[in-house]
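Peer 1: how would this look folded up:
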Amino acid sequence: MITEELIEQLKKEDPTGKCHVRMTGGAVLFCERKAGYWDGPYQYIKDKKYIISTRGNKVDIHTSDYEDWIWDHDGDYSSIELDFAGYSGEALAGKIKDYKNKFEKTSKECKEFKRQSLHNFTFQILKKVQEGWKIVQPKDTKIGHHNVHYFIKKLHKKERLCQGESEAVIESGFFEPVVKSNKSYIHWRLIL
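Peer 2: Okay, here's the model as predicted:
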């Protein structure tokens, strides 16, 4: 389906434009135009054929379900609101309890995964530091921004940190950024 067809169908079903959109995959977050090959192929149906393509351009519709939301908020689900019409009494209480149980389960899984990941990546980083590697980031990037950190050793060896390693540098409490005016990078110093 192309965007023109989608827009026409949406206008036909909701001429006012006031209905909420429901999709498999959760709530719509945003749309993003990309080259057809970027981030893998897209699919559409045309003339009773299912087509997988990388030609031209595509518009990705990004969604988030409640589990994604909880993971994106580090296990916190306090910003999720339940707003049920058509339920009352025990039916409403049961529906709310079911969702809260799901939220709590996802929250616990998220927090435990993040705790274990932070632990594992912190030990990986400490091992590299023990081997003589330094952790740096370009001076023109924001402190606390992930995916900007590098390991360097003797200025001729350089490796980029992965997302988990970068989070461990920022969140473990074992490192602090040191900014020197005569350098083009920020050095993350071990403070143990």
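
Peer 1: drop to CA atoms for contacts and neighbour counts, all remaining ones
Peer 2: Will do.

Peer 1: What's the per-residue pLDDT of the residue nearest to the spatial centre of the chain here?
Peer 2: The residue lying closest to the centre of the chain (CA atoms, centre = their mean) is Asp72, at 5.8 Å. Looking at Asp72, its pLDDT is 94.

Peer 1: Just the C-alphas of stretch 52-67, formatted as PDB.
Peer 2: What follows is stretch 52-67 as a C-alpha-only set of coordinates in PDB (Å, rounded to 0.1, in the frame of the first residue of the first chain):
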ATOM      1  CA  ILE A  52       8.800  -7.900  -0.800                       C
ATOM      2  CA  SER A  53      10.900  -5.000  -2.200                       C
ATOM      3  CA  THR A  54      13.700  -2.600  -1.600                       C
ATOM      4  CA  ARG A  55      12.900  -0.300  -4.500                       C
ATOM      5  CA  GLY A  56      12.100   3.400  -4.300                       C
ATOM      6  CA  ASN A  57      11.100   4.800  -0.900                       C
ATOM      7  CA  LYS A  58       9.000   3.700   2.000                       C
ATOM      8  CA  VAL A  59       7.400   5.300   5.100                       C
ATOM      9  CA  ASP A  60       8.000   3.300   8.300                       C
ATOM     10  CA  ILE A  61       5.200   3.700  10.900                       C
ATOM     11  CA  HIS A  62       6.800   3.200  14.300                       C
ATOM     12  CA  THR A  63       4.700   1.800  17.100                       C
ATOM     13  CA  SER A  64       5.100   1.000  20.800                       C
ATOM     14  CA  ASP A  65       3.100  -1.500  22.800                       C
ATOM     15  CA  TYR A  66       2.900  -1.300  26.600                       C
ATOM     16  CA  GLU A  67       5.800  -3.700  26.900                       C
END
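
Peer 1: Give me the residues contacting that stretch.
Peer 2: Under the contact criterion CA atoms under 8 Å, 6 or more residues apart in numbering, stretch 52-67 has outside partners 3, 25-38, 40-44, 80, 103, 106.
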